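S.K.: Coordinates only, no sequence provided:
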C-alpha cells in the first residue's frame, strides 16, 4: 500500500508542478487560459503571474520540463494502478505516457504530426522518464510482486 500511495503522491505532485510552470510562465494565448477564465480562476492566475514575472526561468524549464513532468506523472499513476500485479502487461501501461511523449516528439521530427521538434524536449523527457522508471521500480521493489 505504501508503494501505491507514494506513486499516486508523486504523480499528483509532478502534474501540479508542470501545470504551475505553464500557468505562471507560458503565454496567455494558450487554450488553458481560456479554461482558467471560464472556471473563474483567471484573475487569480493573472495575479500569481504578476508576482513571479521578475523570476527568470530557463527556456528548457518553461518549454520542455512541463511535458516531461506530465509524462512522468503518467508513469507514476500507472505504476500505482499496477502495483502488486504479476501481469507482464503492467510494463506496457507503466511506460505508456513516456512512450507517447517521446513518440510525439519524434513524430514531429519527421512531420507526422504538427509541431516543432525540439531535441531539448526529447532529452528532457527521456532523462526524466528514465529517472522516474528507476524510482517506480525502487518503490515497487518493496512490494512483491511488481
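M.R.: Received the coordinates, thanks. Fair warning: this is a prediction, and the values are worked out from it, not measured in the lab.
S.K.: What count of nearby residues applies to residue 27?
M.R.: Using other Cβ atoms under 10 Å, residue 27 has 8 neighbouring residues. (C-beta placed from N, C-alpha, C; glycine too.)
S.K.: Report the secondary structure state of it.
M.R.: Under DSSP: H, G, I helix; E, B strand; the rest coil, residue 27 falls in the coil class.
S.K.: And residue 103, what's its pLDDT?
M.R.: pLDDT for residue 103: 97.
S.K.: does it count as helix, strand or coil?
M.R.: Per three-state DSSP, residue 103 ends up helix.
S.K.: how close does the residue nearest the centre of the chain get to residue 118?
M.R.: The residue lying closest to the centre of the chain (Cα atoms, centre = their mean) is residue 70, at 1.1 Å. Separation of residue 70 from residue 118 (Cβ to Cβ, to the nearest Å): 15 Å.
S.K.: Skipping adjacent residues, who's closest to the residue nearest to the centre of the chain in space?
M.R.: residue 18 (4.9 Å; Cβ to Cβ, 6 or more residues apart in numbering).
S.K.: Just give me the neighbour total for that neighbour.
M.R.: Residue 18: 19 neighbours (other Cβ under 10 Å).
S.K.: Equivalent analysis for residue 74, please.
M.R.: Residue 74, neighbours per other Cβ under 10 Å, totals 24.
S.K.: for residue 32, same thing?
M.R.: 13.
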